[in-house]
Each structure stands twice: as structure tokens, then as C-alpha cells.
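Asker: Provided below are the primary sequence and the corresponding predicted coordinates.
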Amino acid sequence: MKYIEEFRSRELASGIARAIAQEADPARTYNFMEFCGGHTHAIFRYGVQDLMPSNVHFVHGPGCPVCILPIRRLDDAIELAERHGAILCSYADMMRVPGSGRRSLLRARADGADVRMVYSTLDALEIARANPDREVVFLAIGFETTTPPTAMAIETARTEGLTNFSVFVNHVLTPAAIRHILDAPEIDPEQAVRLDGFLGPSHVSSVIGSRPYEFLARTYGKPVVIAGFEPLDVMQSTLMLIRQVNEGRVDVENEYSRVVTREGNVKAQALVDRLFEVRDDFEWRGLGSVPASAIRLRDEYAAFDAERRFALTPKQSREAKSCECPAILRGVKKPADCKLFGNGCTPENPVGSCMVSSEGACAAYWTYRRAETLAEIARRKQAA
Amino acid sequence: MHRRERIEMPHGGGGRMTSALIRDVFHRHFANPLLDQGHDATVMERPAGRIVMTTDAHIVSPLFFPGGDIGSLSVHGTLNDVAMAGAVPTALSAAFIIEEGFPLSDLTRIAASMGDAARAAGVPIVTGDTKVVEKGKGDGLFITTAGIGVVPDGVDIGTHRVRPGQQIILSGTIGDHGVAILAHRQNLSFETSIVSDSQALHHLVAQIVATAPTIAMLRDPTRGGLSATLNEIASDAGVGIHIDECKVPVKPEVASACELLGLDPVHIANEGKLVAICDPQDADAVLSVMRARPEGADAAIIGEVRADTAGLVEMQTAIGGRRVIDWLSGEQLPRIC
């Protein structure tokens, strides 16, 4: 259990909780956004909020790759398997996500499409080698963390001359999304939540380093602490953010120094740069079109790009009107503010993106805090 | 017939090959006087007391895994279902659906493992059935077992007996079986020393029932793991269940594998563990008889039944926070990052 239990000790946690209680100024509130779904999950899985004073709040960001994939991109993936007869390889957490008409990859598979669940891009390559007569498409999703393995798979396919392998690229970029949230021009500033700082991504930062967040401090005046995914990491990072706010500092600090450096994984970055270029814009489920927020394969690698290899029919994503996901993903609203929460929208039957993955904010409230959230909704209904 | 290496359609045709298969594979390994009656239905003496009956279908993949195989699992699974009524199992049946082309050596190995498991448990397999399906119409081998047993007088186990204040005891580490199976599946080839916990629990149950005849509830957290079992009890009994994460035993290697795959041990299947719920004054005695047996060596009191938050299972987390332990929605799927 080396390196797991150490970060989940009750004794250490209560020590940090005491320090936070002492140092948090009761005269003000602290709103910190954790960008990553991994942090959201850790906060709820371990009940970190219970150890915080009542004026320290976590605002849940859009950093869940499953949640932000637009429905039409998922429909494209299903089309690749159904209309183009490809073997579609997907990471497990995409399998249950409902697309148009509530059809998921699992449902498509039950209907006869050849959809395979893989644990890594290596599995997808193996499937391509074993099926030389079939087109094999890897559904690539994720932030900067999962991009290097996708790039490696494409390089390997090129070296081996695996001509039946291609990738449906949906990789997105973290800093662009954070910038978009802070700009959020369409949101009434009166309503917008004041963000006092960010818990910076952990796995993403192991690849891109801490340098890409420096604009947050410089341009937007927001403190950032890169935080590991363990509950003690989250607590320690929160304490560091409180100290920055109290001292009036605006720095990019690194709590997750056991993994993250300022420069990140330079080798992985070079590999990704060689294969990919930034798209002009990309649709995020919940956020809409975000400029320069995703990547696609460069022309030299077009043969491996499923979007160019197959003629996909144009589609539109239709979202439920009363779904509050866009506001929840920006931290403006909480799941309890949504009329659909638990009322037609549950993890078994998700309507909006935040309920889709275990890392989404609504799914976290539903799974780990259901009683309080439903009680809160009932209270408000009565008051209204 | 030993020259034939694989199961063929005539093995299930009811003719000479079927008869030889039953004789050379099943009867040879299950041998006992009741089975040797050789009828389609076995005649037994009527036991005194209330009878329990259960059945369980087994479709595990892979068929052989660290710590067991589909054969031993199909014996343990049914014995444990009988035992969770507080009963003493007395007889088992076994039905086999075999896919054409299945290696005879594997079938023999599985039958031997079932015979060993039944003998070790002291419960005979008294009747059975064999069918062969065409290639492509089965996944190698499916086994369905059924079992009967007798409930001792005075024992009354069920959610209707669960009351606030009672203590919740878990007989050992969770997640071993599910992680052993996952780790052994072909596409997940990380190295691990994790072994399935597949084992019969009726001897342990006999000890528990002898120590605390008024025990309220016994259940084995198989599919869906500890979370499904506790949620079933909380919702059927209309009570709240509170457990402490630090008290739930998890092997370090299981915890590491779960961490790597993004899984939660509370949702992972077990095949040799039970949850016992008893009055607080009996808890220490039940815990010590459990710990005295190898099946319960790591037993621990993990929580208690409460009147508040009826229908919900809540856990104090490792760091001292709190969370709901929910039913799993669908199958637990690994996260990507």
C-alpha cells in the first residue's frame, strides 16, 4: 500500500483541517474551482467538504473528458461502427454515455455494431493487427494526459505499416477551457461566481507542466495550486490557496511536486507537437464552441485521421432545454439548482453531461450526497 | 472415449457417448452413494426441520482463475446461498451446458475440482444433467447448481429482523475475487498475486449460529460487492447503515489494483465473504468465533444499523469525511484518467 495510504491518513487530514480552520478568515468566503473531474471525484469520494469550514467552497469545473464530449461526436463514433463497418475501440467510461435517441456505444454493440472496450491504445493496435481485413478506429478522448498514448499508437501504426488503423481524435486542451470560463462573456457578471483561485490539474500537469497556468496568475490575477488527486493533496492545496489569498499573493504553486515540474514531460510534448495541431475551435458539451481548445492530426498524418478517412454525415447536438449543465460546468450553478436533478436525470438515465460520468458534478452529488441534495431541492420548492 | 479430445454434439445426445461422459467424468469425480442410485431423481431421507432451497447459475470468464475455477465456484456459491439462511447444506445438484468443441481435459479438471470442493464441504452432489450446444451458442461451459439445507430450530434470519443499534460484521477482506478475475482476463495482463477468495462458508455460519442463535442477518456480498449487499439490507429493512472505511479490510494488492483501474473495492464481487448483523451484546462473541476460523480470520466490526437516513448506506471515509455508498449503476467500468 505504499503511496496510497500515506495520502489518506485520518490523522494527517485532521491536522490539515485544523490549519485550514485556523487560517481561513471568517470574515470572507473562499471559492476555489477544481478544474479536473478527478479532483471532483476525490472531494466527494472522501467527503473533503466535511473537513472544510463553512466559508471554504469548491466550485466544480468542466475537467471531465467524458462529460464534455458533444453528443454529435459520440453519434459520429457510433456511425463509424454502424455505417462504415469499423471495429470501434473505446475506453470503458465512454461506453455507457447516451448519444442521440439515448443510444450509447453499449446499445450500438447490442444492436450488432462491433464496439470493443480497451484499456489502452496498445489494445486497439493489437485489434488492428489481428483484423487486417477490417477498419479499426480508436475513439480518442481526454485532456493532455491521454494524448501522448494516442500519439504513440499512431507512430507505432505508421512504423508497422498498419494501414487499417485510424483515430477519431477528440483530445482537448485544459488551459483554453479555463480561459474560456474566466472570460465567460455571455454570463451576467452579477450572477457569476467569484473565483478566488484554482486547484490545478494533476495528471494533465504531469504532461504539460505548471508553466501553461502562469497566464492565470499574470492575466487574470488568480492563484493556482497544482494539486494531486489524493484527498490529502486536495486539502493541502486548498490550504496553500487560502494562504495565497490571505497574503494577497497570486502565484502558480505546485503541491504535486512528486510528479509535476514546471516544464512537464518535454518528450511527450514534442511527440504530441509532431503529430497534432490546434483546431480553430471545438465544441464542448456544456460550454459550446471554445476557441483553440482541441487538437487534430496534422496533414502528414491524415491517413490515420478517421474524420478524413471516412465521410461522416454532418450532425447537430441537441441538449435538453432545462438542463443546467452549462452553468454548472462554469461553476455558476450547483446541481441542486437544476430542475432535472433526480427528476428524470440520474446516472442510470443521464440527461445532461454532468450526470454522465462518475467525475461529473451532478453524478458526484447524486452518488455521494444524494440525501442532502434532494432535501435541499425539496426545501427550496416548499419555500417557493 | 478418452481418445476424443473435445466435446462433440453426440456427447449430449442421450446415447452411449452421453452415458460414457457422465460415467467417466462426472460420476468418477462426484462419487457418493446418493448419486450412485443412478436415477434421474435421487431419493433421500426427509430431514427434520425447515428446508431451504436455492439455485445459482455460473458463467465466469475465464473458467480457470487464480484461487479456483468455475467448478469449485459453482459448489461454493450454492453452499453459501444455503448457508446465508443460517442453514446446514445437505445436498447439491449440478447441470452442465457445454459448448461443442470444449476440451475434454478442461471438463475433467473442472469436474475434479467440483468433486474436491463438495467433499471438502461434506455435501454430496446427488444429481445432475448434461447438455451440449452447437459451437458458437455457448461460452465454453455454463454450470448451474442447486442446493438444499436445513435451518436449525430457533434460527430466523432476514431483513425483517434488522433493527437500529445492531452491529455489522464483515468476515474478511473485500474485492479479492473480482480483482483476481479482472487481473487474469486476457486484456489486462498486469502482474498480481491476488487470488480469488472462493470458499464455502457454511462451517463458519454453523459456528456463528451456534454462538448467537438470534443473529438477525447473514448475506454474502457477491455480485455488486459490499455496497449492493448493504444497500439491499438498508432498503429492505428500512434502516440506515453506517460503516467506517478504515475498518473495512482490503488487501494492499487489491487496493492498488483498484487504484490503477479506477475501481472501488466496495463494488467488487466476493465469493467467500459474509456480512453478519447481530445485536450489540453478541457482537464480540460472534467476532471472536469468526476470527478463530480461517474463513473469518480477518473479520471486523465495520459499522452499525441506525434509525436515521433510512434506506441509505453511509460511510465515514478514510480521511474522516462522509459519503453515501450507492448501488452501482450498471457495470463498474474503469475510468481513463
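Answerer: Okay, I see it.

Asker: What does residue A:222 show for phi and psi?
Answerer: phi -110, psi 130 (degrees, to the nearest 10).

Asker: With the one 4 residues further on instead?
Answerer: Listed backbone geometry of residue A:226 is phi -70, psi 120, with angles given as degrees, to the nearest 10.

Asker: for residue B:169, same thing?
Answerer: When quoted as degrees, to the nearest 10, the phi and psi of residue B:169 stand at phi -120, psi 130.

Asker: For the closest residue to it other than its chain neighbours, give me the pLDDT.
Answerer: What sits nearest to residue B:169 in space, not counting adjacent residues and going by Cβ to Cβ, 6 or more residues apart in numbering or on different chains, is residue B:276, at 4.5 Å. Every C-beta, even on glycine, is put in place using the N, C-alpha and C of the backbone. Looking at residue B:276, its pLDDT reads 98.

Asker: Please pull up the helix or strand immediately following the strand or helix carrying residue B:276.
Answerer: Residue B:276 belongs to strand B:275-278 when assigned by DSSP states H and E. Sequence order places helix B:280-291 as the next helix or strand after strand B:275-278, per DSSP H and E.

Asker: Give the partner strands of the strand holding residue B:276 in its sheet and their orientations.
Answerer: If you go by DSSP bridges, strand B:275-278 pairs up with strand B:167-170 (antiparallel), strand B:217-219 (antiparallel).

Asker: Now for residue A:20: which residues touch it?
Answerer: For residue A:20, the contacting residues are A:51-53, A:56, A:235, A:238-239, A:242, by Cβ atoms under 8 Å, 6 or more residues apart in numbering or on different chains.

Asker: Quick one: the helices in the stretch 251-384 of chain A, in order.
Answerer: Secondary structure of the stretch 251-384 of chain A (DSSP state H, counting those that start in this stretch): helices located at A:266-275, A:306-309, A:325-329, A:361-368, A:370-383.

Asker: With the stretch 1-150 of chain B instead?
Answerer: So, for the stretch 1-150 of chain B - with DSSP H, counting those that start in this stretch - the helices run B:16-21, B:28-30, B:70-83, B:104-121.

Asker: if we compare those, which one ends up closest to residue A:318?
Answerer: The closest of the helices of the stretch 1-150 of chain B to residue A:318 is helix B:70-83. By Cβ to Cβ, the value is 45.8 Å.

Asker: Run through the residues of the stretch 1-150 of chain A sitting next to chain B.
Answerer: By the rule Cβ under 8 Å from any Cβ of the partner chain, the part of the stretch 1-150 of chain A lying against chain B is A:1, A:4, A:8-10, A:13-14, A:17, A:38, A:44-51, A:65-66, A:91-93, A:95-96, A:117-119, A:123, A:141-143, A:145-146.

Asker: OK, contacts around residue A:138?
Answerer: Residue A:138 touches A:89-90, A:118, A:121, A:124, A:150, A:153, A:165-168, counting by Cβ under 8 Å, 6+ apart.

Asker: backbone phi and psi for it, please?
Answerer: Phi and psi for residue A:138, reported as degrees, to the nearest 10, are phi -100, psi 120.

Asker: Can you get me a residue count around the residue nearest to it when sequence neighbours are not counted?
Answerer: Nearest residue to residue A:138, sequence neighbours excluded (Cβ to Cβ, 6+ apart): residue A:124, at 4.2 Å. When neighbours are defined as other Cβ atoms under 10 Å in any protein chain shown, residue A:124 has 28 of them.

Asker: Can you read off the pLDDT for residue A:124?
Answerer: Looking at residue A:124, its pLDDT reads 97.

Asker: I'd guessed it sits against residue A:115; true?
Answerer: No. Look at residue A:124 against residue A:115 with Cβ atoms under 8 Å: they stay out of range, at 11.9 Å.

Asker: if I look at the two, which residues touch both of them?
Answerer: residue A:89.

Asker: burial of the residue lying closest to residue B:121 once chain neighbours are set aside, as a residue count?
Answerer: Nearest residue to residue B:121, sequence neighbours excluded (Cβ to Cβ, 6+ apart): residue B:200, at 4.5 Å. Residues near residue B:200, counting by other Cβ under 10 Å, number 26.

Asker: again with residue B:61
Answerer: There are 12 residues near residue B:61, going by other Cβ under 10 Å.
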